[in-house]
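Student: fold the following, please.
(one chain, ligands or ions: 2)
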Amino acid sequence: MAYTVRDLVNYLETVAPPSYQESYDNAQLITGNPNAAVSSVLCTLDATEEVVAEAVRLGCNVIVAHHPIVFKGLKSLTGKNYVERTVIAAIKHDIAIYAIHTNLDHVRHGVNKKIADKIGLSHTRILQPKKQILSKLTTFVPHEHADAVLSALFDAGAGKIGEYAGCSFLATGTGTYTASAAANPHLGVREKPHREPETRIEVLLPSYLERKVLAALRKAHPYEEVAYFLHQLENENQEVGAGMVGELPEAMEERSFLLHLKKAMELQVIKHTALTGKPIKKVAVCGGAGIFLLSAAKSAGADIFITADIKYHEFFDAENQLIVCDIGHYESEIFTKELLKELLSQNFPNIALYLSKVVTNPITYL
Ligand SMILES: [Zn+2]
Ligand SMILES: [Zn+2]
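Tutor: Ligands and ions are numbered 1, 2, ... in the order given. From the prediction side, this is the model:
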């Protein structure tokens, strides 16, 4: 069976919903026809001109990249810089470029989980969970329809909390209504006050699924007019947010840990603050520029915080409470291409998937 670019995008968007990206981001299909059939896919950290050329050589008509090649609106396309040249090359060769960026940074099995796995961390959790991305739906259903409505809500993605599915709260009570002369009530008669024993259903859902869950509710509910309340919650969503913290199986001496880190992440250089003299057990990580999470790493009790793009003055903020490491932006996220390949292979076992061999790091070390 031939898959389209849209099939690929739809799947990746279930893994990392686009609504979880930062406001400045541009995680989406950047070039290409969503209806085109996928030949094979090249997974990469950056989609540069060299990577497009690599895709052409390999016969791949889709590039899945972590970093979007286009961030801002392009007002002309003349090839005056590398961004425009990359886009032109992709369009000329009918190559779709899909970027899955900060949305993949923010999910539990995303960029930071890959780093945690490389370092060997367990008991991982999101370092700074996002708020205001969960909603609560309350609705009222005649008893005999309650199970059908509940399973429709679950099928649409409601009722998941961490490793638990099918979560809801059910209570019974009495619903009251008076149908107008023009109404077509499922239960009761027109223009007569009616009382109906009903089940009150309460479920949590990710806010981005609101439309889908409400459509499922309306479809499964027997009433002409479905009564429901939808609330945005302040709760953190433990499954979504920035950075990750986890534990090493055994505490390690600081220098041994840094050498382990260097090997595991294939680093040439680690820039780090002074050693604290304490063993390393709890490790916080954030691929890319993550120093904004320093206080979250401290509050989590991390012994070391590994990220990239740290400025001189920001190193001072370690305050000897933990070690802060800059391992380089490229180095911190390069294994994201492996993650992309793994994710795609789980759902598209018959599509040929390649890892880019182009070193797109603009920084070299002497
Ligand atoms: Zn990232
Ligand atoms: Zn990045």
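Student: who's in contact with the residue in the chain that ligand 2 sits nearest to?
Tutor: Residue nearest to ligand 2 within the chain: residue 288 (3.3 Å; CB to the ion). To be clear about C-beta, it is placed using only N, CA and C from the backbone, and glycine gets the same treatment. Each residue near residue 288 by CB atoms under 8 Å, 6 or more residues apart in numbering is listed here: 105, 111, 307-309, 329, 332-333.
Student: kindly export the lengthiest strand in the chain (C-alpha atoms) in CSV.
Tutor: For the chain, the strand that runs over the most residues, judged by DSSP state E, is strand 236-252. The C-alpha trace of strand 236-252 is given here as CSV (Å, rounded to 0.1, in the frame of the first residue of the first chain):
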residue,chain,number,x,y,z
GLU,A,236,0.0,20.7,34.6
ASN,A,237,0.1,18.0,31.9
GLN,A,238,2.9,15.7,33.2
GLU,A,239,3.2,14.3,29.7
VAL,A,240,4.0,17.5,27.9
GLY,A,241,6.6,20.2,28.6
ALA,A,242,10.3,21.3,28.5
GLY,A,243,13.3,19.3,29.5
MET,A,244,13.5,16.0,31.3
VAL,A,245,15.0,14.7,34.5
GLY,A,246,15.9,11.2,35.3
GLU,A,247,18.3,9.0,37.4
LEU,A,248,21.4,7.0,36.7
PRO,A,249,21.2,3.4,37.8
GLU,A,250,24.1,4.0,40.2
ALA,A,251,25.6,7.3,41.4
MET,A,252,28.8,8.2,39.6
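Student: buried residues in it?
Tutor: 236-237, 239-248, 252 (16 or more other CB atoms under 10 Å).
Student: how far does that strand sit from its chain's centre?
Tutor: Between the centre of strand 236-252 and the centre of its chain there are 15 Å (CA atoms, centre = their mean, to the nearest Å).
Student: quick check: mean pLDDT of stretch 225-235?
Tutor: In this model, stretch 225-235 has an average pLDDT of 96.
Student: from the chain's centre, how far out does it sit?
Tutor: 24 Å.
Student: next: stretch 331-346.
Tutor: Distance, stretch centre to chain centre, for stretch 331-346: 13 Å (CA atoms, centre = their mean).
Student: who's in contact with that stretch?
Tutor: The contact list for stretch 331-346, computed with CB under 8 Å, 6+ apart, reads 8, 11-12, 15, 41, 43-45, 64, 66, 100, 104, 110-111, 113-115, 118, 265-268, 285-288, 306-308, 351, 353-356, 361.
Student: would you put the C-alpha positions of it in PDB?
Tutor: Extracted as PDB, the C-alpha positions of stretch 331-346 are listed here (Å, rounded to 0.1, in the frame of the first residue of the first chain):
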ATOM      1  CA  GLU A 331      25.500  17.500  19.600                       C
ATOM      2  CA  SER A 332      22.600  17.600  22.100                       C
ATOM      3  CA  GLU A 333      20.000  17.000  19.400                       C
ATOM      4  CA  ILE A 334      21.800  15.000  16.700                       C
ATOM      5  CA  PHE A 335      20.300  11.700  17.800                       C
ATOM      6  CA  THR A 336      16.800  13.100  17.100                       C
ATOM      7  CA  LYS A 337      17.300  11.800  13.600                       C
ATOM      8  CA  GLU A 338      17.400   8.300  15.100                       C
ATOM      9  CA  LEU A 339      14.300   9.000  17.100                       C
ATOM     10  CA  LEU A 340      12.500  10.100  13.900                       C
ATOM     11  CA  LYS A 341      13.500   7.000  12.100                       C
ATOM     12  CA  GLU A 342      12.400   4.800  15.000                       C
ATOM     13  CA  LEU A 343       9.000   6.600  15.200                       C
ATOM     14  CA  LEU A 344       8.400   6.200  11.500                       C
ATOM     15  CA  SER A 345       9.500   2.600  11.400                       C
ATOM     16  CA  GLN A 346       6.900   1.700  14.100                       C
END
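Student: for the record, mean pLDDT for that stretch?
Tutor: The average pLDDT within stretch 331-346 is 98.
Student: that stretch: which residues count as buried?
Tutor: By neighbour count on 16+ other CB under 10 Å, the buried set for stretch 331-346 is 331-337, 339-341, 343-344.
Student: likewise for stretch 227-235?
Tutor: For stretch 227-235, it's none, nothing buried (16+ other CB under 10 Å).
Student: dump the C-alpha coordinates for it into CSV.
Tutor: Written as CSV, here are the backbone C-alpha positions of stretch 227-235 (Å, rounded to 0.1, in the frame of the first residue of the first chain):
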residue,chain,number,x,y,z
ALA,A,227,-25.8,19.4,27.6
TYR,A,228,-22.1,19.7,28.4
PHE,A,229,-19.6,21.9,30.2
LEU,A,230,-16.1,22.3,28.9
HIS,A,231,-13.5,23.8,31.2
GLN,A,232,-9.9,24.7,30.6
LEU,A,233,-7.9,23.4,33.6
GLU,A,234,-4.9,25.0,35.3
ASN,A,235,-3.4,21.5,35.9
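Student: can you tell me the number of residues neighbouring residue 315?
Tutor: For residue 315, the neighbour count with other CB atoms under 10 Å is 16.
Student: now it. Nearest residue, chain neighbours left out?
Tutor: Distances taken as CB to CB, 6 or more residues apart in numbering put residue 273 closest to residue 315, at 5.4 Å, once the chain neighbours are dropped.
Student: so which residues on the stretch 51-200 of the chain come close to ligand 1?
Tutor: 105, 111 (CB under 5 Å from the ion).
Student: quick revisit: just the buried ones from the contacts of residue 288?
Tutor: 105, 111, 307-308, 329, 332-333.
Student: for stretch 195-215, how far is the first residue from the last?
Tutor: The first and final residues of stretch 195-215 sit 26 Å from each other (CA to CA, to the nearest Å).
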